[in-house]
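A.B. asks: 3D, please:
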Amino acid sequence: MSDDKVEMNEELQKWIQESKQKVVDSKEKKGKLKNKPSGNCMLCGEKKAEHTCLKCENYVCKSCYFKIIGICKKCVPPEIAGKWDGSHPDWEKELGVEWVD
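C.D. replies: Predicted coordinates for the structure are as follows:
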């Protein structure tokens, strides 16, 4: 497994642990979601909504939803969502210069 994937998996596990209690509290508070998603995704507005976010209850499409944790992209920090969905740009490649942290 590449170092990037190991790092991403470690970050995912850390984020899940930090967020786990919030999701559990949310599930208990709201009970089981009763309404089935309908219409278009409430985030991108383009695709058919197929899931309901456990945190904000938005109806979202597959592309805007992280099934493994049951949460939409809006409820995941942007820097983490970018890594998970592959949209985090490779700045070295994009800018043609070496990236230094």
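
A.B. asks: where does the protein have low pLDDT?
C.D. replies: For the chain, applying pLDDT under 70 flags the ranges 1-6, 8, 22-35, 81-101.

A.B. asks: strands of that one, residue ranges please.
C.D. replies: Under the criterion DSSP state E, the chain contains strands at 51-52, 59-60, 65-66, 71-72.

A.B. asks: list the contacts of the residue lying closest to residue 15 once chain neighbours are set aside.
C.D. replies: Distance criterion CB to CB, 6 or more residues apart in numbering; nearest residue to residue 15, sequence neighbours excluded, is residue 80 at 5.8 Å. Any C-beta I mention is one placed from the backbone N, CA and C, and that applies to glycine too. Each residue near residue 80 by CB atoms under 8 Å, 6 or more residues apart in numbering is listed here: 11-12, 15.

A.B. asks: over to residue 20?
C.D. replies: Residue 20 neighbours (CB under 8 Å, 6+ apart): none.

A.B. asks: please shift the residue numbers so they start at 36 in all later answers.
C.D. replies: Right, with 36 as the first residue, what we last looked at is residue 55.

A.B. asks: how close does it get to residue 78?
C.D. replies: With distances taken as CB to CB, to the nearest Å, residue 55 is found 23 Å from residue 78.
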